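> Pasting a predicted model and its sequence here:
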Amino acid sequence: MTRISTMKPFAPGDVFLGLTDLNVSDDDHAGDGRIVQYDKDLNPKGELWTEGGCHLVGGLEFGPDGLLWAFNDLAVIHVDPKTGRQLPLSDKFLPRSYRSASFDADGNVFLGEHMKAKSKPTEGMAARTTTKFPEIPGAGVLGFGFIYQYDADWHLVRVFECETAPEFTHFKGVTHSSLHPSGRFVTYATETGKRLMRYDVVEDRQMPDLVTYPGEDPFDRVWVIAVKYLPDGRLLVTRGDFMELLDEQGRVLRTYPLETYGWTDIEICADGIHCLVSSIWEGTVVKVNIETTEIVADIDTGMQAPKRCLAGIAEYSG
């Protein structure tokens, strides 16, 4: 089947979702990579069929130059805002399963490595997925779970050998991360782990956790998933079927009931008033007023489990 890309040049307020077409029968996370474009009113506008990797396109984020970043397997994807077309894959990036990106004032990018395992676990929850994870060439492992800093020209600057949290699949590393507005540290999570961790990227050292959630049972759903800083240093985190707003000390300022489960990505809107939150399990997006907690708009992609493929969200500010 021929895939025709219809993505348009980006306009302020456009929203982009990673929505891979999961069309491989023997791999439940594999298919043709796709990013879908919506306008500022959340109406469908176009789509881009991506090159690089054969699993979920996710971790969408805009760089300071307007390039849209996304990730699939060991590939770093860039989309030109002027044309809506994917740029050629760069060989400057270490081949890693990146999943999140943050940019500082100098254009440095901090990439979180999603995978942390020597090989795919064969017991427990991991045995229930048929995903064929790619190995790092020459390393013989799926990933190290580190944070990687690249400069504005995409040259590797440093590798931060950060800690990660135990979680029930036993293959996840830095699944979600967000650079503090000061540029001094990255706050990050291992999805469904009980630690909201921080790493000092200036002094190259692990910091005390912002929050450590209680309990010993990895299936009790007392955990953290997505993280995203507001410009004032407050932090939004998803916790399964709800979201919280935390202050700089990790105290809960506000709680946002989201009803269904599986909210895995957050984007702060350019208006400074709203955020977008997406659910991989339901295939839905909600637009939330950060101060009032009101849900003001939504998208239903139709891609609910088992076609769970909504793995990234970003808004173009222009």
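Everything's here; your move.
> ok, now how distant is Phe171 from Cys309?
If you measure Phe171 against Cys309 using C-beta to C-beta, to the nearest Å, the figure is 19 Å. C-beta: built from backbone N, CA, C; applies to glycine.
> can you give me the strands in the stretch 151-300 of the chain?
In the stretch 151-300 of the chain, the strands defined using DSSP state E, counting those that start in this stretch lie at 156-160, 176-179, 185-189, 195-200, 205-212, 227-229, 235-238, 242-246, 252-257, 263-268, 274-279, 284-289, 295-300.
> and Trp49, how many neighbours?
Trp49 has 18 neighbours, counted by other C-beta atoms under 10 Å.
> With adjacent residues omitted, what lies nearest to it?
Arg3 (3.9 Å; C-beta to C-beta, 6 or more residues apart in numbering).
> Same check on Lys194?
Once flanking residues are discounted, Lys194 sits nearest to Tyr213: 4.2 Å by C-beta to C-beta, 6+ apart.
> can I assume that neighbour is in contact with Thr192?
No. Checked against C-beta atoms under 8 Å, the pair Tyr213 and Thr192 is beyond contact range at 10.5 Å.
> which residues are in contact with both of those two?
Listed as contacting both Tyr213 and Thr192 by C-beta atoms under 8 Å, 6 or more residues apart in numbering are Trp223.
> shouldn't Asp151 be in contact with Asn108?
Yes. Asp151 is within contact range of Asn108, at 5.5 Å (criterion: C-beta under 8 Å).
> before we move on, the earlier item: of Tyr213 and Thr192, who's got more company?
Remark: of Tyr213 and Thr192, Thr192 carries more neighbours, 21 against 15, as counted by other C-beta under 10 Å.
> per-residue pLDDT, that one?
On pLDDT, Thr192 comes in at 96.
> Would you mind checking the average pLDDT for stretch 9-16?
Per-residue pLDDT values across stretch 9-16 average out to 98.
> what's next to that stretch, contact-wise?
Contacts of stretch 9-16 (C-beta under 8 Å, 6+ apart): 35-40, 42, 45, 60, 66, 68, 81-84, 267, 270, 276, 285, 299, 312-318.
> returning to what we had before: would a markdown table of the strands of the stretch 151-300 of the chain with mean pLDDT and distance to Glu123 be doable?
Below are the strands of the stretch 151-300 of the chain laid out as a markdown table (pLDDT from 0 to 100; distance: least, C-beta to C-beta, whole Å):
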| stretch | mean pLDDT | distance to Glu123 |
| --- | --- | --- |
| strand 156-160 | 98 | 30 |
| strand 176-179 | 98 | 25 |
| strand 185-189 | 99 | 23 |
| strand 195-200 | 98 | 23 |
| strand 205-212 | 98 | 26 |
| strand 227-229 | 98 | 29 |
| strand 235-238 | 98 | 27 |
| strand 242-246 | 98 | 30 |
| strand 252-257 | 98 | 35 |
| strand 263-268 | 98 | 24 |
| strand 274-279 | 98 | 28 |
| strand 284-289 | 98 | 32 |
| strand 295-300 | 97 | 35 |
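> Redo those strands as TSV? Include distance to Lys132.
Shown next, in TSV, are these (distance: least, C-beta to C-beta, whole Å):
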stretch	distance to Lys132
strand 156-160	26
strand 176-179	23
strand 185-189	25
strand 195-200	29
strand 205-212	32
strand 227-229	28
strand 235-238	28
strand 242-246	32
strand 252-257	36
strand 263-268	21
strand 274-279	25
strand 284-289	27
strand 295-300	29
